[in-house]
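Participant: sharing a model prediction with you, sequence too.
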Amino acid sequence: MVRKSVLITGGAGFIGGHIAEGLAAEGHDITVLDNFEPYYDLGIKEYNGDAVRRTAENNGGKYDIVEDSITNADLVDDIVSDIDVLYHQAAQAGVRKSVEEPAKVNAYNVDGTINVLEAARKHDIERAVIASSSSVYGKPEYLPYDEEHPTTPVSPYGVSKLATEQYARVYSEIYGLPTVSLRYFTVYGPRMRPNMAFTNFVSRCLHGESPVIYGDGSQTRDFTYKDDIVRVNKQLLSDDSADGEIMNIGSTDNIDILTLAEIIRDEIEPGLEIEFDEARTGDAEHTHADISKANELLGYEPTIDIREGTQKFIEWYRENEDWYDPLVRNS
């Protein structure tokens, strides 16, 4: 193995933190840039950082975390000057948040991305792996989504992620910067954001409260377990097979939200009734990934289906409830 110096923007967050931990386990030198936006309990981000630090120390690599923003162009340029590979995971997350503050989402997700790509181009790094999202598709004309499906996002967040991946494509085509953009489909697993439907269902059931569905529950999601996301990102550290490409990374195993709530409820507290509330503005009705392109270029195959992943997450949640669950932390 060739030891590399890796920058992970947003590396104290859920996906970025797991990618950082996975690369640290292989002895690479990790730098994390994260602005610690208080979008959710920052104790979770601190825990992510501690996990990566321990892993790096146990495997002979270095770990450094910089608390600042990708909107700070001079700082980004300085950090990128010393790295080999970039994983750009930083973004203002949340569809509903983007509806409330579209300008803020644009500043982070679009302007910040240009800063990152410009620094990567200037310093001629080996590769930039960019996090995109299934939110770029919007309303489905057909399912599953392949990469040729029209991109008509229904939220400012989706628009910002579409701009992110298109800037990455342009930097690859015009400047020769090796970029790969991965359209994630609803990633879940340990240390995920606590304000997601998945975590809300588990938390409420563990506390004897009915899970609440926004809408009628017919919405479907292609849930992707974090291990599959980490594996493909680790592969791209040295695999150039997908340079210049944009591709779906999902599970192909979509499920409607009502069924998900029932599975979680039945696993934890079968006697609970499921409650319904008004649908949220900007949420996509359906997501379902066609992963043929990622399979062809990278041999990507998901390994954990939604029922196995749900059981894994509930087991982890029970073991970590004291520091992770917002109702316990704030009591």
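Facilitator: Here it is on my side, so go on. Numbering: from 1, shown residues only.
Participant: for the protein, which segments count as strands?
Facilitator: Listed in chain order, the strands of the chain (DSSP state E) span 5-9, 29-34, 63-67, 85-88, 127-133, 179-184, 187-188, 212-214, 220-222, 224-225, 245-249, 254-256, 275-277.
Participant: gap between stretch 109-129 and the chain center?
Facilitator: Centre-to-centre, stretch 109-129 and its host chain are 18 Å apart (Cα atoms, centre = their mean, to the nearest Å).
Participant: where does pLDDT dip in the chain?
Facilitator: The model of the chain has pLDDT under 70 over residues 282, 329-331.
Participant: distance-wise, check the residue in it sticking out farthest from the centre relative to Phe313.
Facilitator: Largest separation from the mean C-alpha position in the chain: Gly271, at 32.9 Å (Cα atoms, centre = their mean). As for Gly271, its distance to Phe313 is 21 Å (criterion: Cβ to Cβ, to the nearest Å). For glycine as for every other residue, the C-beta is placed from the backbone atoms N, C-alpha and C.
Participant: same check, this time on Ile255
Facilitator: 14 Å.
Participant: columns distance to Pro140 and mean neighbour count on top of the strands of the chain, output as a markdown table?
Facilitator: Below are the strands of the chain laid out as a markdown table (distance: least, Cβ to Cβ, whole Å; neighbours: other Cβ atoms under 10 Å):
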| stretch | distance to Pro140 | mean neighbour count |
| --- | --- | --- |
| strand 5-9 | 30 | 26 |
| strand 29-34 | 33 | 25 |
| strand 63-67 | 39 | 17 |
| strand 85-88 | 27 | 26 |
| strand 127-133 | 15 | 25 |
| strand 179-184 | 14 | 26 |
| strand 187-188 | 20 | 24 |
| strand 212-214 | 19 | 17 |
| strand 220-222 | 10 | 24 |
| strand 224-225 | 17 | 26 |
| strand 245-249 | 13 | 24 |
| strand 254-256 | 11 | 18 |
| strand 275-277 | 23 | 12 |
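Participant: out of those strands, flag the one nearest Ile15.
Facilitator: Ile15 lies closest, by Cβ to Cβ, to one member of the strands of the chain: strand 187-188, at 5.7 Å.
Participant: just checking: what are the partner strands of that closest one?
Facilitator: strand 224-225 (parallel) (DSSP bridges).
Participant: how far is the partner strand from where the chain is centred?
Facilitator: That offset, for strand 224-225, works out to 10 Å (Cα atoms, centre = their mean).
Participant: lovely, talk soon.
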